[in-house]
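Participant: coords please:
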Amino acid sequence: MAAGVPMTNSLLTIIITTSVTPSAPSTELISSVLESYRRHCPSLMDCKVIVVLDSYDKVVTEARLKKGCVTSDQARVFDLYKENVKDFILEQHYQSHQDITLTQTQAEAEYGSPHDSQNAVTYTALQTHDKRVTFIEPSRRLGFGLAVRSALRMTSTPYVWVQQHDWILTSSFPIEPLLQIMRDSESEPEVPIKYVCLLAVRMLKYAVSAEVVRFPALRNLTSTFKREFSTKEHPEMKIPLTPLFFWHDKPHIASTAHYLARVFPSRLAMLRGDFIEDKIGQRARTQMKEGLFTKWATWLYYPDEGNEVCSKHLHGRMYHGAEKQAEKIALARQQGDKLAWRDLGGTDG
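Facilitator: Predicted structure coming up:
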C-alpha cells in the first residue's frame, strides 16, 4: 500500500445477509463465502463486518424462502443456525472469541406509510467492543432491501461490500486499486464510479450482449465510458470497467452515501420483503436509457473483456451442502441442461 493511501479496512465494511436455508444449522454457506475471500481477496477478512440474520414470516408445509415461508423443520433449527453463524464469524475475527462480550442496542426499520404503526420492524444490534463485528437480528422478517439499509445505517466506512450468503468469489479481485479508483472519481463528476458489480456467468460479454446493443442509448454510453482505469500510485495496474445498466443484488461494492441517497431516499422506497434489484433495478435501467447514467453510476468489473467470471451463485434456497450440490451438478450435466449445470457451479475444466 502506497504511503498516504488508506488501508482497505478503513474504507470498506462487509455486509452479509443471511436467512433460513436448507443447509441450516450448518454454516457451510457462509464458510464458503469467507474461504473464497481468503483465496481471492484476503484483505476483505480484515474489514469490519455486519451480518444481518434475517427472519421468516410463516411456517408452511412447502417452503418458499424468497417469500419468507419456511417449513417447521427449518423454523425449528433457525435459532441454532443464528447462534452457529455468530460463533463462526467471531471465531474468524478474534483468537479468543469465547471471551468476546457483545453490547446490545435496539433500533427500528421503518417502511411504507408513516401513518400505520405496523410499518416498522424492531431489531437488536449486537456489537463487539471495537465495532469490528456487528450482528443484526430483527423481530420480524426484513427482506433483503431493509436488511441492507439497516446495515448501511450502522456503517462508518465510505464504502460497503454487499454480500448475500450464497455467492462466492471465483477469481482474484483487485479491491485495493478499485477502492482508490472509486475515491478518485469523487472529484471527477463526469465519470463517477459509485457501484461496481462482480461479473457472474449470466453477465459474460455484457458490453456486447443484447441487454446493451439493442438500445442505441446504452450502446453510446458503453462506447463513451467503457475503459481501463488506473490509480496515480499504480498506473501500470489496469482495472477494466464497463457501464452496467442495472442495480443488481449479487456481490457489489458501493459508496455508502450513494446507496442511501439513491436506493433508500425515504421510508417509501423499500417495503418489508422487497429485493433491491426487483424494486430499483428496472427504474435505474429506464433512467439510464434516458441518459441518466451518471445519476446511478453503476459499473461492472470486466476482466478479459467480460470473459472471466468473478463470482458464483450457490443457490442458497436449494443448497443442502456441498455433497448434494455436486450430485445436482452431475445430474444436470448428465441430462444435458448446460445452463442449469453452469448456474450450479459446473465447469468445463
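Participant: what about the helix or strand encompassing residue 242, distance to the chain center?
Facilitator: Secondary structure assignment for residue 242, by DSSP states H and E: strand 239-243. Here strand 239-243 shows a centroid-to-chain-centroid distance of 19 Å under the convention C-alpha atoms, centre = their mean, to the nearest Å.
Participant: direction included, what does the very next helix or strand once past that strand pair up with?
Facilitator: Tracing the chain past strand 239-243, the next element assigned as helix or strand by DSSP H and E is strand 252-255. Note on strand 252-255: by DSSP bridges, its sheet partners are strand 159-164 (antiparallel), strand 195-197 (antiparallel).
Participant: name the helices or strands packed onto the following helix or strand past strand 252-255?
Facilitator: For strand 252-255, the succeeding helix or strand toward the C-terminus, using DSSP H and E, is helix 256-262. Packing partners of helix 256-262 (3 or more C-beta pairs under 8 Å, 6 or more residues apart in numbering; DSSP states H and E): helix 144-152, strand 159-164. To be clear about C-beta, it is placed using only N, CA and C from the backbone, and glycine gets the same treatment.
Participant: what does the shortest one contact?
Facilitator: If I follow you right, that is strand 159-164. The contact list for strand 159-164, computed with C-beta atoms under 8 Å, 6 or more residues apart in numbering, reads 11-17, 33, 44, 47, 144, 148, 151-152, 175, 179, 182, 249-256, 259, 316.
Participant: any idea how far that strand is from the chain center?
Facilitator: Between the centre of strand 159-164 and the centre of its chain there are 5 Å (C-alpha atoms, centre = their mean).
Participant: and the angle for it with helix 144-152?
Facilitator: 140 degrees (axes from the mean of the first three to the mean of the last three C-alpha atoms, to 10 degrees).
Participant: each with direction, which strands does the following helix or strand past strand 159-164 pair with?
Facilitator: As assigned by DSSP H and E, the chain's next helix or strand after strand 159-164 is strand 167-169. Strand pairing for strand 167-169, using DSSP bridges, gives strand 311-313 (antiparallel).
Participant: residue 333: how many residues sit nearby?
Facilitator: By the measure other C-beta atoms under 10 Å, the count of residues near residue 333 is 15.
Participant: hmm, I typed the wrong one, I wanted residue 44.
Facilitator: 22.
Participant: same question, residue 87
Facilitator: Look at residue 87: counted by other C-beta under 10 Å, it has 13 neighbours.
Participant: now it: closest residue in space, sequence neighbours ignored.
Facilitator: Excluding its sequence neighbours, the residue lying closest to residue 87 (C-beta to C-beta, 6 or more residues apart in numbering) is residue 97, at 7.2 Å.
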